[in-house]
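*Asks:* Here's a sequence, model it:
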Amino acid sequence: MLLLHKLLTLRAVRDERGATAVEYGLMVAMIAIVIVGAVALFGTNVKALFSVPAGVFTP
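*Replies:* Reported below is the predicted structural model:
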């Protein structure tokens with residue numbers, strides 16, 4: 001029984017699939033934070049930039 005416990009513990013320690021998923025999750029979260037920050041920072045400027053050409057097509 002002790003040998004089985006040791007083998008399962010060693011197998012769990014060497015398994016890195018969960019760690020990889022966590023790393024990808026952290027990268028996605030950081031990218032999302034950067035996108036939200038960029039939209040918050042540049043959102044009004046982009047809206048003003050496109051409102052002038054949009055006014056040409058609006059009757």
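
*Asks:* Helices along the protein, start to end?
*Replies:* Using DSSP state H, the helices assigned to the chain run over residues 2-14, 17-57.

*Asks:* pLDDT averaged over the shortest one, what's the number?
*Replies:* Predicted confidence along helix 2-14 averages 73 (mean pLDDT).

*Asks:* got it, and stretch 22-31?
*Replies:* The pLDDT scores in stretch 22-31 average 93.

*Asks:* just stretch 39-52 next, same as before
*Replies:* Averaging the model's pLDDT scores along stretch 39-52 yields 87.

*Asks:* Only alpha carbons, please: show it as CSV.
*Replies:* Included here for stretch 39-52 are C-alpha records, laid out as CSV according to Å, rounded to 0.1, in the frame of the first residue of the first chain:
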residue,chain,number,x,y,z
VAL,A,39,-10.0,50.3,-25.0
ALA,A,40,-10.5,52.5,-21.9
LEU,A,41,-7.5,54.7,-22.8
PHE,A,42,-8.1,55.1,-26.5
GLY,A,43,-11.8,54.5,-26.8
THR,A,44,-13.0,58.1,-26.9
ASN,A,45,-10.2,59.1,-29.3
VAL,A,46,-11.1,56.3,-31.8
LYS,A,47,-14.8,57.2,-31.5
ALA,A,48,-14.0,60.9,-32.4
LEU,A,49,-11.8,59.7,-35.2
PHE,A,50,-14.6,57.7,-36.9
SER,A,51,-17.4,60.1,-36.2
VAL,A,52,-16.3,62.6,-38.8
